[in-house]
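Asker: Provided below are the primary sequence and the corresponding predicted coordinates.
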Amino acid sequence: MNTEEIIRTFVEYFEERGHRRITGSTLLPPPGDPVLFTTSGMHPLTPYLEGKPHELGRRLVNVQRCLRTTDVDEVGDPTHLTVFEMLGTWSLGDYEGPQSLVWGYELLTEGLGVDPGLIHATVFGGDEQVGPDTDSLRVWQEFGVPVELTVEDNWWSNGPTGPCGPDSEIFVWTGDTPPRSTPTRDDRWVEVWNHVMMRHRRLPDGSLVPLPQRNIDTGLGLERLASLLQGKNSVFECDVFTPWRDLVPSLWDLDEPSLRIVCDHLRSAIVVIGDGVRPGNTGRDYVLRRLVRRALTVLWRDDPSPHLGDLPGELVRHTLDHFRQTTDPDEVRGVLLDEEQRFRRLLQRGRQVLARPRFQGPLDEEDLHYLHDTHGLPRDLVLSLRSLGWS
């Protein structure tokens, strides 16, 4: 299945079970949400998870684009992307966790063709405040799925306070041997679907109180699932990256880790720009700036000549179309080129400063603070210069 077929299969399966499809939001979270970007499908639904009636009812399904800054340093491994799509389902005070897990298992094995023998589950084992999730454990035992009990790994929260609850995660084996060990002991078990029993609210003092209703919130990473179903070794080999892998290697000479980072960061930057963000020095503007500059730092590591003007327009259009964005591709390219020029000028100025005798050796924290406060050179810019060997 390609990603569009996976989406269609997922949505139709849950529509047949009474879920209504809702339109995914942009990467910009709703007013009042403290996060910079939408990190999961539940963010736009927070008021409804807390009891507000949803106009489409109690059972919902959608596809939501997400961005997680916490995963930026993981990008390049087989499973992490900065911007990705999340398939999600919700029960707003309707059915409970066991029903969600039954549907999830049936969709994976019967609808999407995952071998049941390659599935492992994890379940909340209980702590001093909440007992073990015996309902989820019983479901998996009835299906014959091996289960690992954990505590912190199977407790979902949206932050130090707010909605939270136990979860059960579904993993698929990706090794070239028969399945072995457990998800917490062998990273060849790849998490594909998290089912959260969102029943509690954590207060500032750490105590838990019941939410007005008992919800189910599930999330399944589309690109991760697609790579597994398509028999690929990483998310960068699934079909959504095919145009990037076809065109970028002919432009720039990059090894595989560098290719992944450049493709991810430029693709993510296109999506962020498409949602109206522009490079800057604070907040989400700085996240965009950092993505572009990290990509350029990798591009220029051995040769300062690569130019974002070489990026084919069809890659920009493909990315905007895939994420259902209407921003003019030429406008997106203009933002990327302007940020590239700005970064080159900063690098040249920084190079002159770092050429001074004081900065020829290793830099300590005092040096980094001085360079920032006196010369306006941020830490990441200084480190970029050092890694490029331009200083």
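Answerer: Arrived safely. Numbering: from 1, shown residues only.

Asker: so what's Leu377 up against?
Answerer: Listed by C-beta atoms under 8 Å, 6 or more residues apart in numbering, the contact set of Leu377 reads 346, 349-350, 353, 371. Any C-beta I mention is one placed from the backbone N, CA and C, and that applies to glycine too.

Asker: which residue ranges form the strands in the stretch 51-200 of the chain?
Answerer: 59-67, 83-92, 119-124, 147-150, 155-157, 162-173, 189-202 (DSSP state E, counting those that start in this stretch).

Asker: Which among the ones you listed is found nearest to Pro304?
Answerer: Ranking those by distance to Pro304, with C-beta to C-beta as the measure, places strand 83-92 first at 26.8 Å.

Asker: where do the helices sit along this structure?
Answerer: Assigned by DSSP state H, the helices in the chain fall at 3-15, 46-49, 97-106, 134-143, 222-229, 242-251, 256-274, 283-299, 313-322, 329-354, 365-375, 379-388.

Asker: To Glu152, which of those helices lies closest?
Answerer: Per C-beta to C-beta, nearest to Glu152 of the helices of the chain: helix 134-143, 16.4 Å.

Asker: same for the helix or strand bottoming out on mean pLDDT in the chain, what does it pack against?
Answerer: One helix or strand of the chain scores below all others by mean pLDDT, DSSP states H and E: helix 379-388, with a mean of 77. Contacts defined by 3 or more C-beta pairs under 8 Å, 6 or more residues apart in numbering; DSSP states H and E place helix 379-388 against helix 283-299, helix 329-354, helix 365-375.

Asker: export it as CSV, just CAs?
Answerer: Only the C-alpha atoms of helix 379-388 are listed here, as CSV (Å, rounded to 0.1, in the frame of the first residue of the first chain):
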residue,chain,number,x,y,z
ARG,A,379,25.9,29.2,20.1
ASP,A,380,24.6,27.0,17.2
LEU,A,381,26.1,29.4,14.7
VAL,A,382,29.5,29.2,16.3
LEU,A,383,29.3,25.4,16.5
SER,A,384,28.2,25.4,12.8
LEU,A,385,31.3,27.3,11.9
ARG,A,386,33.5,25.0,13.9
SER,A,387,31.9,21.9,12.3
LEU,A,388,32.3,23.4,8.8
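
Asker: mind listing what's buried in that helix?
Answerer: For helix 379-388, the neighbour count (16 or more other C-beta atoms under 10 Å) marks 381-382, 384-385, 388 as buried.

Asker: now do stretch 204-212
Answerer: Buried residues in stretch 204-212, defined by neighbour count with 16+ other C-beta under 10 Å: Leu211.
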